[in-house]
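Undergrad: here's a sequence, model it:
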Amino acid sequence: MNYPYANGVLKVKEADLFTNASYLRLKDSKDILKTLEELGYEKKQTIEATLVNELVKTKDLIQSLSPNHKLTNCFFLVSDATNIKAYYKARIFNLSTDDLYVPNSNFSKENLEEAILNYDLKGLSKENQKLFIQLEQELKGLEENPRLISAKIDQILFNKAYKDSKKINDKALREYLVLNIDTINIITLFRAKKLNFNLEEVLDVFIDNGKIKIDVLKDLYQEENEDRILKEIVLVYPKLEKPLLSYFKNQSLDLLERAFKSYILEEIAKYEYDSMKLGPMLYYYVSKEIEIENIRLIYFDQSIALSDLIKGDRNG
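TA: Residues are numbered from 1 along each chain as shown. The predicted model follows:
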């Protein structure tokens, strides 16, 4: 496949992305599964099965069109991290692996079980064997600290993806990764402040390669003045001023995370029409992820205001 063809296919699919009218139908629906089916989703037994199926179909479509799987694999980084964390914690704490697996991942359930639970890497590519060898080495000695295990896995996966994006020099993907790193670090900063972590604990969990450097995050963690914290972050990301001011008022990390996801999509939308590169594929996939997360929000609270959903180009 080539980028113009792949991006052309996805441009047609964009017409089916949900708008505010779609979300209003769900909010007013007495049978959300039936309404989702009318809106183009394949109906399964449960809402979660329906949404997971849609996300997997989106992943399969992206991969079937991808001219460079090494790059599009980075789209599924969060699912990879979620799965790897879950299976390592299951191994360390002797937990059940039932219902652990998130399907929208680069690794199959069987490969994760073999690699993490049974130390058998034969089913993996040589590159992924190196990844799991690195994980084993760097997670050694952290068995009593689940938080550090999660942070170390994020650090390793994001670092690998960032290096891959630099080798191929795809600006959209690299910006997407950096935006994710910085917003994850900001959420970590505020969460750590709420939980009163000591400084060393916080420094262990930040992810490198963001625009906001670790030394700056260290200073911000020790800073009590919200205006100074705001000034430092807005110096790098001016458009985050409004969601940060809202956070300082409502102290809701959930709403802040939603605002960050809206911002990431807004920034990735700059590459929506770059038909010779990865940007339009990334834009479509992130839009679909946000659509599915919004459906979950409505399913669990049909009274939710449209303004509290994650914003996208079609429901901004």
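
Undergrad: pull the longest helix from the protein.
TA: Counting by DSSP state H, the longest helix found in the chain is helix 171-195.

Undergrad: next one: that helix to chain centre, how far?
TA: 10 Å (CA atoms, centre = their mean, to the nearest Å).

Undergrad: and that helix, what does it pack against?
TA: Helix 171-195 is packed against helix 77-92, helix 146-168, helix 199-205, helix 214-222, helix 253-268, helix 279-300, with contacts defined by 3 or more CB pairs under 8 Å, 6 or more residues apart in numbering; DSSP states H and E. Using the backbone N, CA and C atoms, a C-beta is placed for each residue, glycine as well.

Undergrad: mean neighbour count, distance to residue 32 and mean pLDDT added to those helices, as JSON lines?
TA: Formatted as JSON lines, these follow (neighbours: other CB atoms under 10 Å; distance: least, CB to CB, whole Å; pLDDT from 0 to 100):
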{"stretch": "helix 77-92", "mean neighbour count": "20", "distance to residue 32": "24", "mean pLDDT": "92"}
{"stretch": "helix 146-168", "mean neighbour count": "18", "distance to residue 32": "32", "mean pLDDT": "88"}
{"stretch": "helix 199-205", "mean neighbour count": "15", "distance to residue 32": "37", "mean pLDDT": "89"}
{"stretch": "helix 214-222", "mean neighbour count": "15", "distance to residue 32": "40", "mean pLDDT": "96"}
{"stretch": "helix 253-268", "mean neighbour count": "18", "distance to residue 32": "20", "mean pLDDT": "96"}
{"stretch": "helix 279-300", "mean neighbour count": "21", "distance to residue 32": "6", "mean pLDDT": "95"}
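
Undergrad: can you tell which of the ones you listed is closest to residue 36?
TA: helix 279-300 (7.1 Å; CB to CB).

Undergrad: helices or strands next to that closest one in the packing?
TA: Using 3+ CB pairs under 8 Å, 6+ apart, helix 279-300 sits against helix 3-13, helix 20-28, helix 32-38, helix 47-65, helix 171-195, helix 253-268.

Undergrad: let's have the ones you listed in a markdown table, adding distance to residue 217.
TA: What follows is these, written out as a markdown table (distance: least, CB to CB, whole Å):
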| stretch | distance to residue 217 |
| --- | --- |
| helix 3-13 | 35 |
| helix 20-28 | 35 |
| helix 32-38 | 40 |
| helix 47-65 | 31 |
| helix 171-195 | 6 |
| helix 253-268 | 15 |
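
Undergrad: ok, which of the ones you listed comes nearest residue 84?
TA: So among the helices and strands packed on helix 279-300, helix 171-195 is nearest, using CB to CB, at 15.6 Å.
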